[in-house]
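Visitor: need coordinates for the following:
(2 chains)
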Amino acid sequence: MRVYADNAATTQVSRSALEAMLPCFTEYYGNPSSMHQSGQDAARLLINARETMAKYLGASPNEITFTSGGSEADNQAIISAALRGARKGKKHIISTKFEHHAVLHAVEKLGKEGFEITLLDVHEDGIVRLPKLEAAIRPDTALVTVMYANNEIGTIQPISEIGALCREKGVIFHTDAVQAAGHLEIDVTKQNIDMLTLSAHKFHGPKGIGLLYCRKAIPLSTLIEGGAQERGKRAGTENIPAIVGMAAAFREACENMAVNMPRVRALRDRLIDGVLARIPEVILNGDREKRLPGNANFSVTGIEGESLLLLLDNAGICASSGSACTSGSLDPSHVLLAIGLPHETAHGSLRLTLSEYNTQEEIDYIIEALPPIVEKLRMMSPVWKKK
Amino acid sequence: MEKTANNKALIAMSGGVDSSVAAYLMQRQGWDCGGVTLKLFGGGSSCCSLEDIEDARSVACALEMPFYVFNFQDEFEERVIWKFVRAYETGLTPNPCIDCNRYLKFGKLMERARELGYDRVATGHYARIEEQNGRRLLLRAADNHKDQTYVLYSMTQEQLAHTVFPLGELNKSQVRGIAEELGFINAKKRDSQDICFVRDSDFGAFIEEYSRKTYPPGDFVGKNGALLGKHRGIVRYTVGQRKGLGLALPKPMYVCEKRADTNTVVLGESDDLMCGALDAEDINLIAADSLPCQTRVTAKIRYGAKEAAATVEQTGKDSLHVVFDEPQRAAAPGQAVVLYDGEYVIGGGTIIRGY
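Guide: So this is what the prediction gives:
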């Protein structure tokens, strides 16, 4: 049996997204900037997709800029807010210690270019505390960027409250909602969100496409110079198939959220309960309740996460340890370190992330497969034997 | 609505709410429509920018009509911008919107429309067209506050025959209401005021930047020739202007005249601005081919001015003499005088001098 339990890394493209995309390759393949019928057809698809994305975010279509994905959108958001702040003499940026690297590295780079960076500590439950944020905001704070839900441990941040606080203080608030979009309800207007990033391949859309929402009043700086696409905010011929696929997937995810997510949550809870019951010395990382419906992240004492993944893979189970982006490195996850896990514990982490495509049968299979694997690894582990 | 065998209409869309609603109304009235935004100016305008083009495009898409962007920058630069710059250099006060309508919107655009097989051009102007005894007449809009016939007086019979103004019977709040109901992206967009290609209404800075000339300071003089101070370059001032003179004077003073030959600006008091009559040239008559002697009219000498009762005499094929019942304030050479018979636009011309 093959069980895909790594939806936080990427997801399968849904059938309706795929079907929406295909004609864009064969029929509506024009360049939206072309004057002729073929271009106009493509331009129409682009307009409709933009309206769809705006609708389900509570935004206006002219506040949406399509990008190549979450990383690009994060960078454009952060750099734009920083430059705008600098023009007004504000060169302080606040973020958190457990952001995705697209945010962290963008912010760190600005730190080397004359900006002052404050990275907030995260509570051990994986949730940012508002008083800490409030204390960090200064008159010269240009930007607060806090992710909507963490990609590794899935914990959901108090976004509405952060938005209200930032609006009150007159500071731009950006949120990396890459993991949350399509799984949690988002309304940028009600939640006082000034800028938001999302990426299609996390909600059953294609890879290589995302968007940056930016409130009308805030000017965006361009990362990519060239043609006048995206109202001059992002040059490059628009990836119509991907954009159409993203819109179809997002609409589907949002329309079905109320039905799908409780189901996913139930499966996830079954998984968590099963794992915690069957395997000793395992902890769940991050708050039990305030987490993404499909996210389960465990620390398994005494073993290497990498070995665990390989053995799980042998058993047909696709999972991850740390995030997909960081598995290339030998360092333990910065997220787990940020919530206070000691190094060794952080090394033994396992992330299982479910989608509405997972079945109960698959969950039970994982629950059965995991304990013997853990036992086997613990037998061989020098760290475990010491105990 | 009279429809010809060809019911195709090209809608000039600025991206603003008026032209968007105009497009909707044309379509609803059964015209086979296409939408077009004219790219007239590349340097960061308050109208027809990228944002505006996308707004217009999104409305055209919602209405399922084809949408084009025509690049008329060269024509606009020559016919509108340079004329504007030269006018200020020679001490005149131009109205570029009149030239834009004459040469671009009902000139080049109308030609292009004909090439593409469109019988009419429609715009979001607040004005009305009627046909009487084979003649096309231009009337003020129902919403007098928004009426734009002042900038349309130079339309020829041929141009009027191929133009539709769908907003003529509506008022602005009705138009916005329609846009909001239809969910148009620009329903709440601010109206663009002032000259579209001059940022922040700083026409002096624009002229210097565009012509790459510096206009030397010169003298402010009084009506009696007395030296009152130094002006910062003749292109920075407009007849009737009071603020921004940079002088501390005992009484409010106004720009009465700009003399390019001596690079002087003549200042006077409020009363000195008043004129009882004016001459106009480069005229266009709509309601008739020529005017009988001593026609009674109401006349407007500025876009924002109230019409005033006057008597007009056509003094030549291309000239008018207008005598006001009551003196009028600040008749600026270069501006237009537009004549009305009640709601009907008789015609107008460019003011040469005021008396």
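Visitor: where does the stretch 201-350 of chain A dip in pLDDT?
Guide: A:322-330 (pLDDT under 70).
Visitor: rerun that using 90 as the cut-off
Guide: By pLDDT under 90, the low-scoring segments of the stretch 201-350 of chain A are A:302-307, A:321-333, A:342-348.
Visitor: all strands of it, in order?
Guide: A:210-214, A:282-284, A:295-300, A:317-318, A:349-353 (DSSP state E, counting those that start in this stretch).
Visitor: could those strands be laid out in TSV, adding distance to B:Arg114 and mean neighbour count?
Guide: Every residue, glycine included, has its C-beta placed from N, CA and C. Below are the strands of the stretch 201-350 of chain A laid out as TSV (distance: least, CB to CB, whole Å; neighbours: other CB atoms under 10 Å in any protein chain shown):
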stretch	distance to B:Arg114	mean neighbour count
strand A:210-214	41	28
strand A:282-284	73	16
strand A:295-300	63	26
strand A:317-318	64	19
strand A:349-353	62	26
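Visitor: in JSON lines: these, plus distance to chain B.
Guide: Listed next are these as JSON lines, based on distance: least, CB to the nearest CB, whole Å:
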{"stretch": "strand A:210-214", "distance to chain B": "13"}
{"stretch": "strand A:282-284", "distance to chain B": "46"}
{"stretch": "strand A:295-300", "distance to chain B": "37"}
{"stretch": "strand A:317-318", "distance to chain B": "41"}
{"stretch": "strand A:349-353", "distance to chain B": "37"}
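Visitor: and of these, who's closest to B:Arg28?
Guide: Nearest to B:Arg28, of all the strands of the stretch 201-350 of chain A, is strand A:210-214, at 33.2 Å by CB to CB.
Visitor: and the strands in the stretch 1-150 of chain A?
Guide: With DSSP E, counting those that start in this stretch as the criterion, the stretch 1-150 of chain A has strands spanning A:3-4, A:64-67, A:92-96, A:116-120, A:141-145.
Visitor: can I get the CA coordinates of the second one in CSV?
Guide: Translated: strand A:64-67. Written as CSV, here are the backbone C-alpha positions of strand A:64-67 (Å, rounded to 0.1, in the frame of the first residue of the first chain):
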residue,chain,number,x,y,z
ILE,A,64,-4.0,40.3,-6.3
THR,A,65,-0.6,39.8,-8.0
PHE,A,66,0.2,36.4,-9.4
THR,A,67,3.7,35.1,-8.7
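Visitor: could you break chain B into its assigned domains?
Guide: Structurally, chain B divides into domains by automatic domain parsing as follows: B:8-182, B:215-268, B:273-354.
Visitor: of those, which shows the lowest average pLDDT?
Guide: Ranked by mean pLDDT, the domains of chain B end with domain B:215-268 in last place, scoring a mean of 90.
Visitor: can you tell me how far B:Ile351 sits from B:Gly204?
Guide: 21 Å (CB to CB, to the nearest Å).
Visitor: what sits against B:Asp191?
Guide: B:16-18 (CB atoms under 8 Å, 6 or more residues apart in numbering or on different chains).
Visitor: out of the residues you listed, who's nearest B:Asp52?
Guide: Using CB to CB, the contacts of B:Asp191 come closest to B:Asp52 at B:Gly16, 7.2 Å.
Visitor: doesn't B:Ser192 make contact with the closest one?
Guide: Yes. The pair B:Gly16 / B:Ser192 is scored as a contact, 6.3 Å apart, by CB atoms under 8 Å.
Visitor: those two: who's more crowded?
Guide: Higher neighbour count among B:Gly16 and B:Ser192: B:Gly16, with 22 against 17, using other CB atoms under 10 Å in any protein chain shown.
Visitor: and that one, what is it in contact with?
Guide: B:Gly16 touches B:47, B:52, B:55, B:124, B:186, B:189, B:191-192, counting by CB under 8 Å, 6+ apart.
Visitor: so which of these are in helices?
Guide: B:52, B:55 (DSSP state H).
Visitor: show me what counts as buried in stretch A:152-168.
Guide: A:152-159, A:162-163, A:165-166 (16 or more other CB atoms under 10 Å in any protein chain shown).
Visitor: any chance of the strands of the stretch 201-350 of chain A in TSV, plus distance to B:Asn284?
Guide: Shown next, in TSV, are the strands of the stretch 201-350 of chain A (distance: least, CB to CB, whole Å):
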stretch	distance to B:Asn284
strand A:210-214	47
strand A:282-284	82
strand A:295-300	73
strand A:317-318	77
strand A:349-353	72
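Visitor: residues of the stretch 1-150 of chain B that sit close to chain A?
Guide: B:50-51, B:54-55, B:57-58, B:61-62, B:66-69 (CB under 8 Å from any CB of the partner chain).
Visitor: what are the boundaries of the helices in chain B?
Guide: B:17-28, B:50-62, B:73-76, B:82-89, B:96-99, B:109-115, B:157-161, B:172-181, B:203-211.
Visitor: quick revisit: any chance of JSON lines for the buried residues of stretch A:152-168, columns distance to chain B, secondary structure and pLDDT?
Guide: Converted to JSON lines, these look like this (distance: CB to the nearest CB, whole Å; DSSP: H, G, I helix; E, B strand; the rest coil; pLDDT from 0 to 100):
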{"residue": "A:Glu152", "distance to chain B": "38", "secondary structure": "coil", "pLDDT": "95"}
{"residue": "A:Ile153", "distance to chain B": "39", "secondary structure": "coil", "pLDDT": "96"}
{"residue": "A:Gly154", "distance to chain B": "36", "secondary structure": "coil", "pLDDT": "97"}
{"residue": "A:Thr155", "distance to chain B": "37", "secondary structure": "strand", "pLDDT": "98"}
{"residue": "A:Ile156", "distance to chain B": "32", "secondary structure": "strand", "pLDDT": "98"}
{"residue": "A:Gln157", "distance to chain B": "31", "secondary structure": "coil", "pLDDT": "98"}
{"residue": "A:Pro158", "distance to chain B": "31", "secondary structure": "coil", "pLDDT": "98"}
{"residue": "A:Ile159", "distance to chain B": "26", "secondary structure": "helix", "pLDDT": "98"}
{"residue": "A:Ile162", "distance to chain B": "28", "secondary structure": "helix", "pLDDT": "98"}
{"residue": "A:Gly163", "distance to chain B": "23", "secondary structure": "helix", "pLDDT": "98"}
{"residue": "A:Leu165", "distance to chain B": "28", "secondary structure": "helix", "pLDDT": "98"}
{"residue": "A:Cys166", "distance to chain B": "24", "secondary structure": "helix", "pLDDT": "98"}
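Visitor: surely A:Leu45 meets A:Ile240?
Guide: Yes. A:Leu45 is within contact range of A:Ile240, at 5.8 Å (criterion: CB under 8 Å).
Visitor: overlap in contacts, these two.
Guide: Joint contacts of A:Leu45 and A:Ile240 (CB under 8 Å, 6+ apart) are A:24, A:28, A:32.
Visitor: burial check on the spatially closest residue to the first one that is not a sequence neighbour, number of neighbours?
Guide: The reference is to A:Cys24. Distances taken as CB to CB, 6 or more residues apart in numbering or on different chains place A:Pro241 nearest to A:Cys24, at 3.9 Å, with adjacent residues excluded. Neighbours of A:Pro241 under the rule other CB under 10 Å: 23.
Visitor: picking up where we left off before, neighbour count winner among B:Ile351 and B:Gly204?
Guide: B:Ile351 (25 against 19).
Visitor: if I look at the more buried one, how far off is chain A?
Guide: 40 Å (CB to the nearest CB, to the nearest Å).
Visitor: mind listing what that residue touches?
Guide: Contacts of B:Ile351 by CB under 8 Å, 6+ apart are B:278-280, B:301, B:331-337.
Visitor: just the buried ones from the residues you listed, in PyMOL syntax?
Guide: Restricted to buried positions by 16+ other CB under 10 Å, the PyMOL selection for the contacts of B:Ile351 reads:
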select buried, chain B and resi 278+279+280+301+331+332+333+334+335+336+337
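Visitor: in JSON lines, list the contacts of B:Ile351 along with distance to chain A.
Guide: Output for the contacts of B:Ile351, formatted as JSON lines (distance: CB to the nearest CB, whole Å):
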{"residue": "B:Leu278", "distance to chain A": "45"}
{"residue": "B:Asp279", "distance to chain A": "46"}
{"residue": "B:Ala280", "distance to chain A": "41"}
{"residue": "B:Ile301", "distance to chain A": "39"}
{"residue": "B:Ala331", "distance to chain A": "42"}
{"residue": "B:Ala332", "distance to chain A": "37"}
{"residue": "B:Pro333", "distance to chain A": "40"}
{"residue": "B:Gly334", "distance to chain A": "35"}
{"residue": "B:Gln335", "distance to chain A": "35"}
{"residue": "B:Ala336", "distance to chain A": "35"}
{"residue": "B:Val337", "distance to chain A": "41"}
